[in-house]
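Trainee: no FASTA, just this:
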Ligand code: GLN
């Protein structure tokens, strides 16, 4: 097993996750199988209880792990399925060590950060690296992204564990890549000082980078590379320019042009292989049409809905259609903002804020026959909207939202749940799709596996009446309603599951493909009419 460890310097938000995923893609394009581990140095056990407005989307893995959004990038870029153990947090590491201590595993010892915590970190990294990939194979290379910024107190034990691993592994089995910021000053000059300082901080921890990836708004030229090289002892050709590009899927191509793949293969003493051009083809499709999708949500922050944004992009690309997203604040949503959008999407969410606006938007989509895609909460609200305005249950609502007729009720077994972390219905389940329905046609199969993250469901007591009133429950998992649609509508589909989590650039999610296609048709007929 070869390891590529990625650290970050200067500040967070540099696109370290995308850089890591792109490095993996480069090596995958050379025929190597690649897995990835994300280290998050916070004390939370997982991302499930964190505010998405601060940390971005909570990504859900097939095993139900609620993890950092970077694992979504790894899954999309590398086309693999990761597990909860691929996201290591300080919380998980300390919990394991403290459990061992209570069991008496360290009897007689003083339990300390070094060696107990660092040993546990190394064990967690190795275990994740050596977990089988999709087809039962082991990866050739494991990417390890250390979250946070070098110099943070929180990341110290992790960097120390990496330092130890580096010493323990045979030569050429680990390379260290430091991703740093190379800002442009008011005179238009590239500044290398922040990079110098962060490499110095890394060296103080006993870690010498093999590569420096400089993130910048412009290309980092030879002059600047030379300067960085001189100050950091990293060879000139190992200083890589990574300028900001309009689309994340262009990043691997940019890094390939910089020669990073060849240099990594050389450093890791891997066999050189020609790059596979296929993936680059998938992601560089030309657009022939353009649509606008209105996303009605509580947070207008793209990072909160990154998987949805990417799934729309994957579908759009497959249909040569550029998807523009218009973020609409659910609390201020009015018809004027929806009228000229080609489709409406209501994503997942929790709590009462913005609910009325979302229901208004769903009603508008249903009544004006605009394409609608609802996801999780967007599914539950579609059911509530139908119950209120078609079935005539004026006080229809969800148990989550307050008193009324609970057409959406708490899932069986969830009633007494007190601990909120990791206790929802989470992860992959098999869903049966009814014959002769839109969703069945889209998937082209009667059975699909998709991921979940919810605590409430369609109340079984209302299903018959809803169906009699025309709502079609087209997907089910045992007796739980998983999807609904309308027959007399060009595209009205909502799912209790989150199809966005399994969408890949090479395999767009069927509900998203159907939705984007319907938006395209809707736009064409709007223009010709
Ligand atoms: N809040 C809803 C539930 O818990 C929907 C969850 C979601 O949209 N992810 O069931």
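Mentor: In hand now; what should we look at? Computed from a prediction, not measured in an experiment: that's the story for all the values here.
Trainee: For the strand or helix carrying residue 157, name the packing helices and strands.
Mentor: Assigned by DSSP states H and E, residue 157 belongs to helix 156-168. For helix 156-168, the packing partners by 3 or more CB pairs under 8 Å, 6 or more residues apart in numbering; DSSP states H and E come out as strand 2-8, helix 118-129, strand 141-146, strand 174-181. Yep, even glycine has a C-beta here, placed from its N, CA and C like the rest.
Trainee: Can you list the buried residues in it?
Mentor: 156-166 (16 or more other CB atoms under 10 Å).
Trainee: ok, now stretch 219-236?
Mentor: Those would be 220, 224-225, 227-229, 232, 234, for stretch 219-236 by 16+ other CB under 10 Å.
Trainee: Distance from it to the middle of the chain?
Mentor: 33 Å (CA atoms, centre = their mean, to the nearest Å).
Trainee: So what touches that stretch?
Mentor: 182, 190, 192, 195-196, 199, 208-212, 214, 238-239, 241, 243 (CB atoms under 8 Å, 6 or more residues apart in numbering).
Trainee: wait, which of the residues you listed is closest to residue 250?
Mentor: residue 243 (10.2 Å; CB to CB).
Trainee: count of neighbours near that closest one?
Mentor: Per other CB atoms under 10 Å, the neighbour tally for residue 243 reads 14.
Trainee: what's the closest residue to residue 335 other than its chain neighbours in contact with, if anything?
Mentor: Nearest residue to residue 335, sequence neighbours excluded (CB to CB, 6 or more residues apart in numbering): residue 364, at 6.0 Å. For residue 364, the contacting residues are 335, 338, 344, 370, by CB under 8 Å, 6+ apart.
Trainee: List the contacts of the helix or strand hosting residue 255.
Mentor: Here residue 255, judged by DSSP H and E, is contained in helix 251-257. When contacts are defined by CB under 8 Å, 6+ apart, helix 251-257 is touched by residues 15, 18-19, 22-23, 25-26, 29, 77, 213, 240-243, 245, 261, 275, 279-280, 284.
Trainee: Mind checking what helix or strand follows it in sequence?
Mentor: Helix 251-257 is succeeded, C-terminally, by helix 260-267 (DSSP H and E).
Trainee: Work out which residue lies at the spatial centre of this protein.
Mentor: Closest residue to the average C-alpha location of the chain: residue 72 at 2.9 Å, with CA atoms, centre = their mean.
Trainee: how close does that residue sit to residue 414?
Mentor: Using CB to CB, to the nearest Å, one obtains 25 Å as the distance from residue 72 to residue 414.
Trainee: For the nearest residue to residue 83 once chain neighbours are set aside, give me the pLDDT.
Mentor: Excluding the flanking residues, the one nearest residue 83 by CB to CB, 6+ apart is residue 63, at 5.0 Å. We have a pLDDT of 96 for residue 63.
Trainee: residues in contact with residue 63?
Mentor: 83-84, 427-428.
Trainee: biggest separation within the residues you listed, which pair?
Mentor: Among the contacts of residue 63, 84 and 428 lie farthest apart (CB to CB), at 12.5 Å.
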